[in-house]
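Enquirer: Sequence and computational prediction follow.
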Amino acid sequence: MTDDIDIDYYLTYPQNVGHYAGSYVLDIAECSDHLTVWLDRYIGVPNDNQLLKTKFQRNIQPLNTLTAEEAEVDEGPLTLVDEKTLEKLKYDVYCLKPYSDISECLKFIKSQDNKKIFFISSGTIGKESVPQIAELPQIHRIYIFCANIAFHAEWAMEHVDRISAMLEHHDDLLQRLTEDIADYLEEKGDDHLAHKDNNIARHCYAWATKLTFRTRDLVNTYVGGDANIGKTLARLKEKFDEAEKASQPTD
């Protein structure tokens with residue numbers, strides 16, 4: 001790929017993609033349709049809480065390859081994408097979008113009717129924002145990140161069917177979010193496989209595996225281990241192998 005590739009061109013005008021490298025950018029940009037939105041009066045301020053936001057972005061972004069273990073399962077040579085384009089992709093797709101202003105955040109969410117959004121909110125802002133977005137089809141998961149769950153329990157109970165979790169510590173939030181995105185990527189892989197999009201399915205299963213590795217590491221660090229993660233990794237390996245076999249040319 002050339003250094004001056006216009007990623008917006010490929011994302012906006014896929015019908016005009018004419019060479020393999022550009023097609024590859026398009027493929028990895030459209031394997032999934034998820035993103036994460038974080039609405040918080042403090043965390044959403046640009047350049048504030050930057051270490052925390054970087055930690056989340058690093059962990060939930062499937063385009064990152066963080067360890068040698070992840071590199072072994074990464075599907076498709078990301079070296080086909082030059083570093084500049086890959087970094088832009090990481091901030092355009094499957095990414096974390098922080099907001100501090102409710103109106104701006106809700107406007108953005110409502111404009112993303114072709115996405116599936118993992119939404120995080122503080123308790124106080126969540127009381128105002130959750131009723132406005134809870135039933136939108138693009139909202140896939142809602143997490144309330146607050147210092148006092150009991151204080152926000154009354155209003156949250158009105159949306160108990162839509163709120164996935166209420167969490168008081170950012171480590172618990174990161175673990176749950178990473179695990180849920182991995183689950184969603186597995187679901188996307190299943191859907192692609194059912195539609196014979198075998199190469200894209202392989203991406204999804206590989207990325208789900210990478211995020212499951214990260215979930216495992218978070219669990220081992222903060223909780224003490226989870227035997228179910230081994231079963232999840234084995235299942236993803238079987239699905240990846242199935243998609244890989246299906247993608248092989250037949251005689």
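Expert: Nice, I can see it.
Enquirer: Dihedrals phi and psi, Ser164?
Expert: Main-chain torsions, Ser164, degrees, to the nearest 10: phi -80, psi -40.
Enquirer: hey, where'd the helices end up in this protein?
Expert: For the chain, the helices defined by DSSP state H cover 7-12, 20-30, 50-60, 68-73, 83-92, 102-111, 123-133, 149-157, 170-194, 198-222, 228-247.
Enquirer: And these: which comes nearest Trp38?
Expert: helix 50-60 (7.6 Å; Cβ to Cβ). (C-beta placed from N, C-alpha, C; glycine too.)
Enquirer: who does the closest one touch, helix- and strand-wise?
Expert: The contact analysis (3 or more Cβ pairs under 8 Å, 6 or more residues apart in numbering; DSSP states H and E) places helix 50-60 against strand 34-39, strand 96-99, helix 170-194, helix 198-222.
Enquirer: hmm, try it at 6 Å
Expert: strand 96-99, helix 170-194 (3 or more Cβ pairs under 6 Å, 6 or more residues apart in numbering; DSSP states H and E).
Enquirer: Tell me the buried residues in stretch 172-191?
Expert: 172-186, 188-189 (16 or more other Cβ atoms under 10 Å).
Enquirer: that older thread, now the helices and strands packed on helix 50-60 in CSV, with distance to Val45?
Expert: Output for the helices and strands packed on helix 50-60, formatted as CSV (distance: least, Cβ to Cβ, whole Å):
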stretch, distance to Val45
strand 96-99, 8
helix 170-194, 16
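Enquirer: okay, these in CSV with distance to Glu135 and mean pLDDT next?
Expert: As requested, these are exported to CSV (distance: least, Cβ to Cβ, whole Å; pLDDT from 0 to 100):
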stretch, distance to Glu135, mean pLDDT
strand 96-99, 20, 98
helix 170-194, 19, 97
